[in-house]
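Asks: Give the three-dimensional model of this entry:
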Amino acid sequence: MRVSFDLDEVLFVSPDTHKTEPPLPFPFRKIYKERLREGTPRLINKLQELGYEVWVYTSSFRSEHYIKSLFRHYGVKFDGIVNAIRHQKEVQRDNPTILPQKMPSNYRISLHVDDETVICTGARANGFEAYQLDAPDDEWVEKVIKRAEEIKIKKSKKE
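Replies: Just a heads-up that it's a prediction; the model follows:
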């Protein structure tokens, strides 16, 4: 089963409003200015230990190389990355109808974690489950794992 995460306001947060992972050492903190929500590396690695594929699905234009490189410094390796460029090329394509900015179901992603209400409320209609994470939450790691496990159990009962 695949789980994906948005970047901005989900994995990348402001240290003024959220607990964050320690900044990267110099000179890397000058290259990678984003700060990770506290618990991000632990959560991603735990999900992968539990057998989940973990992806990034973002509407930002950050390059795949940039995302991979930043997270590698925190000991994280994603199984897949969809940025705005890939989404436009593979999902929107030449479709004259404007599609939602994220369509995790196109990549067989079962659970997407996002901060945007519009993405989360339209999730089921677009073939995936969502977990909305838009505020500081000290228990977010456990809640995301619990939600992923619930979906996995529900999916296995259907098969």
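Asks: This structure: strands as residue ranges?
Replies: For the chain, applying DSSP state E gives strands covering 2-5, 53-57, 80-82, 109-114, 129-132.
Asks: Which strands or helices does the second one pack on?
Replies: Pointing back at strand 53-57 there. strand 2-5, helix 40-49, strand 80-82, strand 109-114 (3 or more Cβ pairs under 8 Å, 6 or more residues apart in numbering; DSSP states H and E). For every residue, glycine as well, the C-beta is placed using N, CA and C.
Asks: What pLDDT is listed against the residue of the chain positioned farthest from its centre?
Replies: Centroid-distance maximum for the chain: Pro96 at 27.2 Å, with Cα atoms, centre = their mean. For Pro96, the pLDDT comes out at 75.
Asks: got CSV for the strands of the chain, with mean pLDDT and mean neighbour count too?
Replies: Output for the strands of the chain, formatted as CSV (pLDDT from 0 to 100; neighbours: other Cβ atoms under 10 Å):
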stretch, mean pLDDT, mean neighbour count
strand 2-5, 98, 25
strand 53-57, 98, 22
strand 80-82, 98, 19
strand 109-114, 97, 24
strand 129-132, 96, 20
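Asks: With distance to His65 as extra columns, can I get these in TSV?
Replies: Putting the strands of the chain into TSV (distance: least, Cβ to Cβ, whole Å) gives the following:
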stretch	distance to His65
strand 2-5	18
strand 53-57	13
strand 80-82	10
strand 109-114	21
strand 129-132	27
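Asks: how many neighbours does Arg72 have?
Replies: 11 (other Cβ atoms under 10 Å).
Asks: so how far is Phe78 from it?
Replies: 10 Å (Cβ to Cβ, to the nearest Å).
Asks: now do Arg37
Replies: 15 Å.
Asks: Just want to know which of those two has more residues nearby.
Replies: More neighbours surround Arg37 than the other of Arg37 and Phe78, with 23 against 18 (other Cβ under 10 Å).
Asks: how about the biggest helix by length in the chain: buried residues?
Replies: Across the chain, the longest stretch assigned as helix under DSSP state H is helix 140-158. Within helix 140-158, the residues that qualify as buried are Trp140, Val141, Val144, Ile145, Arg147, Ala148, Ile151, Lys152, counting by 16 or more other Cβ atoms under 10 Å.
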